[in-house]
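> Got a predicted model here, sequence first, then my questions.
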Amino acid sequence: MKYWKINRNFQSEYVANSYRQAIMLSPRTSLYHYNLGEVLLKLGKTNYAINAYCYAVYLNLKSTL
């Protein structure tokens, strides 16, 4: 069971890094920021997740104005 948790965390870190790279290529895509927040929340990095969510909302509001 411990192996599964370690492996799942490794996969989540990999996914988070993939979203970070996507954000570097397209920083104004709010979906990337939101998805990064989802992954960070699963990893227990709540403060970073909140920042990603807030920036996603900011980008969404900015694009609708």
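Structure's in. What do you need?
> tell me which helix or strand of the chain sits lowest on mean pLDDT?
When each helix and strand of the chain is scored by mean pLDDT, DSSP states H and E, helix 2-25 comes last, with a mean of 84.
> next SSE after that one?
helix 30-42 (DSSP states H and E).
> ok, back up a step: other SSEs contacting the least confident helix or strand of the chain?
Under the contact definition 3 or more Cβ pairs under 8 Å, 6 or more residues apart in numbering; DSSP states H and E, helix 2-25 sits against helix 30-42. In short, each C-beta sits where N, CA and C put it, glycine included.
> Check what contacts stretch 10-29 and list those residues.
32-33, 35-36, 39-40, 42-43, 59, 63 (Cβ atoms under 8 Å, 6 or more residues apart in numbering).
> For these, could you give me a markdown table that also reports neighbour count?
Shown next, in a markdown table, are the contacts of stretch 10-29 (neighbours: other Cβ atoms under 10 Å):
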| residue | neighbour count |
| --- | --- |
| 32 | 23 |
| 33 | 23 |
| 35 | 19 |
| 36 | 25 |
| 39 | 22 |
| 40 | 23 |
| 42 | 14 |
| 43 | 16 |
| 59 | 18 |
| 63 | 10 |
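> Could you pick out the one among the residues you listed with the lowest pLDDT?
The lowest pLDDT within the contacts of stretch 10-29 belongs to residue 63, with 84.
> Nearest residue to the most centrally placed residue in the chain in space, please, no chain neighbours.
For the chain, residue 36 is the residue whose C-alpha lies nearest the centre (Cα atoms, centre = their mean; 0.7 Å). Distance criterion Cβ to Cβ, 6 or more residues apart in numbering; nearest residue to residue 36, sequence neighbours excluded, is residue 19 at 4.0 Å.
> that older thread, list the buried residues in the least confident helix or strand of the chain.
12, 15-16, 19, 22-23 (16 or more other Cβ atoms under 10 Å).
> can you list those residues in TSV and add distance to residue 52?
Formatted as TSV, these follow (distance: Cβ to Cβ, whole Å):
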residue	distance to residue 52
12	14
15	13
16	10
19	9
22	12
23	9
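> nearest to residue 48, of the residues you listed?
Closest approach between the buried residues of helix 2-25 and residue 48, by Cβ to Cβ: residue 16, at 9.0 Å.
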